[in-house]
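Engineer: Everything below, folded, please.
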Amino acid sequence: MSVLDCDLIIVGLGPTGGVLANLTAKHDLSVIILEKENKLYNLPRAVHFDDEIMRVFETIDISRNFLKKTIINKGTRFIDEKNNLLLDWPRPKIITENGWYPSYRFHQPDLERSLRKNLSKFKKVSISQNSDVFSVKNKSNFVEVKYKNLKTNKVSLLKSKFVVGCDGANSFVRKAINSDLEDLGFQQKWAVIDVLLNNKNVLLPDRTIQYCSSERPATYCRNVGRRRRWEIALKSEGDEKDFLKEKNLWKFLSRWVAKDDVQIERKTVYTFQSLIAKKWSKGRIFLAGDAAHLSPPFMGQGMCAGIRDVSNLAWKIAICCQNFHNNLLKSYQSERYNNVKEYINTTMNMGKLLNEIGDTNVSKTVKNSNDGKRTMTSIKPSLGPGLGKKNDTNRGKVFPNMRLNNKRVDGYFDKNLILFSKNNYKNKLIKNISVQQFETLSCALKKFNSEALIVRPDRYILSSTNDNNLDDFVDKTMLEVYDYNKRY
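Structural biologist: The predicted model follows:
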C-alpha cells in the first residue's frame with residue numbers, strides 16, 4: 001500500500017462534515033478536513049433538529065454545552081387564508097425514547113462553532129481551510145485527492161483510505177463519481193428572510209406557522225433568542241427579481257412587524273428541491289448530506305438527514321480502516337436511501353398542502369383528534385435493508401436511551417457494538433450489559449420480546465434472539481460485521 005496521509009479525508013466542514021469528523025475522531029482515526037471557505041459562515045441557515053440528532057450530539061460530547069444555545073420547539077400549525085387550522089403537528093414537551101425532547105431550534109453558526117471546538121481536542125484531526133478540491137480518484141486501495149489553496153494557489157495531493165464528500169448541494173465529489181440525481185418532483189423558488197427583533201414585546205407566534213395559500217404560501221419560524229424567519233413562495237420570474245426590494249419586502253412583513261421592530265439579518269432566494277443521488281459511493285469515495293440528497297425545508301429535516309447519514313457511515317468506516325476492506329460499507333446507501341426518501345416525500349406532501357390548501361394526509365401519522373382537529377405525529381422511517389436478517393422483526397429499530405442506574409444507556413458505549421442480554425455473558429469480541437447488572441434493562445428486552453439484542457454504535461438494533469445459545473448468536477453477528485458477506 002502507498003504511504004497514506006490519513007485514514008479519512010472529509011470534503012466540507014458544515015454540520016454533516018463536522019459531525020462525521022467528531023464521530024470518526026472518537027474511533028481514533030486520523031482525519032483531514034478540506035474546507036473551501038476561509039472562515040465559518042456566521043449567518044442563519046438550518047434552524048431545526050430532532051431528538052435523534054441530539055442523541056448523536058450526546059455521542060460526540062457536545063450536547064451539554066450546545067443545549068444552552070437551543071430552545072425547545074413547540075411544533076407546527078398549518079392554517080388557511082382565513083386562519084382556520086388545517087393540520088396541527090404538536091411537539092409535546094416530553095422525553096422520547098432517545099432521551100431528549102422531540103424537537104429543538106438552533107442557530108447553525110452556534111452548532112458549527114461547537115463542532116469545531118470539540119474537534120480541537122483530537123490530535124489526529126486537522127482542518128485545512130481555503131482548500132478547493134478539484135480531483136478525487138480511486139486507486140487500488142486508497143483515494144487520491146488534489147486541492148488548491150485559494151490564498152496561495154499552491155496545489156497539494158493527499159492520499160487516504162476513504163473520502164466522504166460533505167460538500168453540499170453543488171458537490172464536486174458527487175460530480176467526480178459521476179452520480180446523477182433522481183428528481184422526486186418538487187422545485188420552487190422561495191425568498192428567505194431572517195430578522196433580529198429589536199423589541200422583545202413584539203407579539204409573534206411561539207411556534208412554526210405554515211400559511212397555506214394558492215396565491216402566496218409562506219412559513220414563519222420562531223427561532224432562538226431574538227431570531228425569527230419568514231419563507232415566502234415566489235410564483236413568477238418577476239416575483240423573484242422584485243420581491244426582495246425594500247418596498248415589496250415590507251409590504252409582506254408589515255402583516256407581522258413594523259420596520260422599527262426588527263433588523264433584517266439576511267435575505268436571499270433559494271430553490272427548494274427534492275433530489276436524491278442515484279449513486280452514493282464509488283470505490284472508497286462516499287457522499288453524505290446535501291451532496292447525497294436535497295429536501296424542501298417544511299419538516300426541518302435537511303440537516304438531520306445528513307447527520308443520520310454520517311452516524312450510519314462513521315462506525316463502518318472505522319471498522320473498515322482497521323480491517324483494510326470496504327465490504328461493510330456496501331450497506332450504507334441501502335440502509336439510508338428509503339429512510340431519507342420517506343422524509344422527502346412527506347415534506348413534498350406538506351409543500352402541496354402549503355401551495356394548494358390540498359390534502360391534509362401528508363403522512364400515515366395524521367389522525368383526527370378527540371376535538372375533531374387533524375393532528376400529525378412525527379414520522380420515524382425505518383432503516384432500509386442492509387446489515388442483519390430480514391426476518392428479524394427488531395432489526396433496524398432504535399434502541400432506547402433508557403436510564404441504567406446513574407447513567408443512560410449511551411453513557412455505557414459510544415463506538416462499539418454492544419450485547420444486551422438477560423444473563424451475564426463473557427466474550428472478548430463484544431461488551432455485555434445484562435439484566436443481572438441492571439434490572440431496568442428487562443423492560444427493554446421485554447419490549448423487543450428477546451433474550452438478547454446486539455446494538456450498533458448508531459443505536460439501531462443489529463440483531464435479536466430468543467435462543468439461549470449466545471455463543472452462536474454473537475459469532476454469526478460479529479462475522480457479518482467484521483467480515484461482511486457478499487450478499488450484494
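Engineer: okay, CA-based contacts and neighbour counts for the rest of this
Structural biologist: Fine.
Engineer: contacting residues around the nearest residue to Gly300 once chain neighbours are set aside?
Structural biologist: The shortest distance from Gly300 to any residue other than its chain neighbours is 5.5 Å, reached at His48 (CA to CA, 6 or more residues apart in numbering). His48 makes contacts with 103-106, 300-301, as judged by CA atoms under 8 Å, 6 or more residues apart in numbering.
Engineer: Quick check: phi and psi on His48?
Structural biologist: phi -140, psi 140 (degrees, to the nearest 10).
Engineer: Show me the beta-bridge partners of it.
Structural biologist: For His48, the beta-bridge partners are Arg105 (DSSP bridges).
Engineer: residue ranges of the helices in the stretch 251-400 of the chain, please?
Structural biologist: For the stretch 251-400 of the chain, the helices defined by DSSP state H, counting those that start in this stretch occupy 302-323, 332-356.
Engineer: what's the angle from the shortest one to helix 332-356?
Structural biologist: In other words, helix 302-323. Put simply, helix 302-323 runs at 180 degrees to helix 332-356, going by axes from the mean of the first three to the mean of the last three CA atoms, to 10 degrees.
Engineer: Now do the buried residues in helix 302-323.
Structural biologist: For helix 302-323, burial by neighbour count (16 or more other CA atoms under 10 Å) applies to 302-321.
Engineer: and what of the last one?
Structural biologist: The neighbour-count check on helix 332-356 (16+ other CA under 10 Å) flags 332-355 as buried.
Engineer: One more: stretch 245-253?
Structural biologist: So stretch 245-253, judged by 16+ other CA under 10 Å, has buried residues Trp250.
Engineer: Now that stretch: average pLDDT?
Structural biologist: For stretch 245-253, mean pLDDT rounds to 93.
Engineer: How far away from the center of its chain is that stretch?
Structural biologist: 34 Å (CA atoms, centre = their mean, to the nearest Å).
Engineer: Mind listing residues that contact it?
Structural biologist: Residues from elsewhere that reach stretch 245-253 (CA under 8 Å, 6+ apart): 242-243, 259.
Engineer: Now name the helix or strand holding the residue lying closest to Arg116 once chain neighbours are set aside.
Structural biologist: With CA to CA, 6+ apart as the criterion, Arg116 has its nearest non-adjacent residue at 6.9 Å, and that residue is Gly18. Using DSSP states H and E, Gly18 sits in helix 15-26.
Engineer: sorry, back to before: ChimeraX command for the buried members of the contacts of His48?
Structural biologist: Command for ChimeraX that selects the buried part of the contacts of His48, burial taken from 16+ other CA under 10 Å:
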select :103,104,105,106,300,301
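Engineer: Now the contacts of His48 in JSON lines, please, with extra columns for pLDDT and distance to Asp458.
Structural biologist: Conversion of the contacts of His48 to JSON lines gives the following (pLDDT from 0 to 100; distance: CA to CA, whole Å):
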{"residue": "Ser103", "pLDDT": "97", "distance to Asp458": "19"}
{"residue": "Tyr104", "pLDDT": "98", "distance to Asp458": "20"}
{"residue": "Arg105", "pLDDT": "98", "distance to Asp458": "23"}
{"residue": "Phe106", "pLDDT": "98", "distance to Asp458": "23"}
{"residue": "Gly300", "pLDDT": "96", "distance to Asp458": "21"}
{"residue": "Gln301", "pLDDT": "97", "distance to Asp458": "18"}
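Engineer: so where's the stretch 1-150 of the chain uncertain?
Structural biologist: For the stretch 1-150 of the chain, residues meeting the criterion pLDDT under 70 lie at 1-2.
Engineer: try the stretch 251-400 of the chain
Structural biologist: By pLDDT under 70, the weakly predicted segments of the stretch 251-400 of the chain are 324-325.
Engineer: can you do 50?
Structural biologist: For the stretch 251-400 of the chain, no stretch is flagged by pLDDT under 50.
Engineer: buried sites along stretch 41-48?
Structural biologist: 44, 46-48.
Engineer: what's the answer for stretch 427-439, then?
Structural biologist: Neighbour counts over stretch 427-439 (16+ other CA under 10 Å) mark 431-435 as buried.
Engineer: Other residues contacting that stretch?
Structural biologist: Residues contacting stretch 427-439 (CA under 8 Å, 6+ apart): 404-405, 416-426, 441-442, 478.
Engineer: what about it, distance to the chain center?
Structural biologist: On CA atoms, centre = their mean, the centre of stretch 427-439 falls 30 Å from the chain's centre.
Engineer: model confidence over that stretch, on average?
Structural biologist: Mean per-residue pLDDT for stretch 427-439: 90.
Engineer: so who does Ile317 touch?
Structural biologist: Neighbour list for Ile317: 24, 162, 326, 329 [criterion: CA under 8 Å, 6+ apart].
Engineer: Derive a ChimeraX selection command for the buried subset of those residues.
Structural biologist: Buried members of the contacts of Ile317 can be picked out in ChimeraX with the line below, counting by 16+ other CA under 10 Å:
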select :24,162,326,329
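Engineer: Out of the contacts of Ile317, which sit inside strands?
Structural biologist: Within those, residues falling in strands by DSSP state E are Phe162.
Engineer: and of the contacts of Ile317, the nearest to Tyr412?
Structural biologist: Thr24 (18.1 Å; CA to CA).
Engineer: For the closest one, which non-adjacent residue is closest in space?
Structural biologist: Nearest residue to Thr24, sequence neighbours excluded (CA to CA, 6+ apart): Ala314, at 5.6 Å.
Engineer: any idea how far Gly168 lies from Ile9?
Structural biologist: Relative to Ile9, Gly168 is positioned 15 Å away (CA to CA, to the nearest Å).
Engineer: show me the contacts for Val310.
Structural biologist: Taking CA under 8 Å, 6+ apart, one finds 16, 19-20, 288-289 in contact with Val310.
Engineer: Repeat the analysis, applying 10 Å as the threshold.
Structural biologist: 16-21, 23-24, 56, 164, 166, 287-289, 316-317, 332, 336, 458 (CA atoms under 10 Å, 6 or more residues apart in numbering).
Engineer: same question, Tyr337
Structural biologist: Applying CA under 10 Å, 6+ apart, we find Tyr337 in contact with 276-278, 280, 292-293, 309, 383-385.
Engineer: Repeat the analysis, applying 8 Å as the threshold.
Structural biologist: Residues in contact with Tyr337 (CA under 8 Å, 6+ apart) are Gly384.
Engineer: what about Ser126, which SS state?
Structural biologist: When classified by DSSP: H, G, I helix; E, B strand; the rest coil, Ser126 comes out as strand.
Engineer: Spatially nearest residue to it, not counting backbone neighbours?
Structural biologist: Among residues not flanking Ser126 along the chain, Ile32 sits closest, at 5.0 Å (CA to CA, 6+ apart).
Engineer: what about that neighbour, distance to Pro102?
Structural biologist: 33 Å.
Engineer: which one of the two has more residues nearby?
Structural biologist: Pro102 (25 against 22; other CA atoms under 10 Å).
Engineer: Please verify my assumption that the more buried one contacts Asp50.
Structural biologist: Yes: applying CA atoms under 8 Å, one finds Pro102 in contact with Asp50, separated by 5.5 Å.
Engineer: follow-up on the earlier one: out of the buried residues of stretch 41-48, which comes closest to Ser179?
Structural biologist: Nearest to Ser179 among the buried residues of stretch 41-48, with distances taken as CA to CA, is Ala46, at 25.3 Å.
Engineer: Quick check, central residue of the protein?
Structural biologist: Closest to where the C-alpha atoms of the chain average out (CA atoms, centre = their mean) is Cys304, at 2.4 Å.
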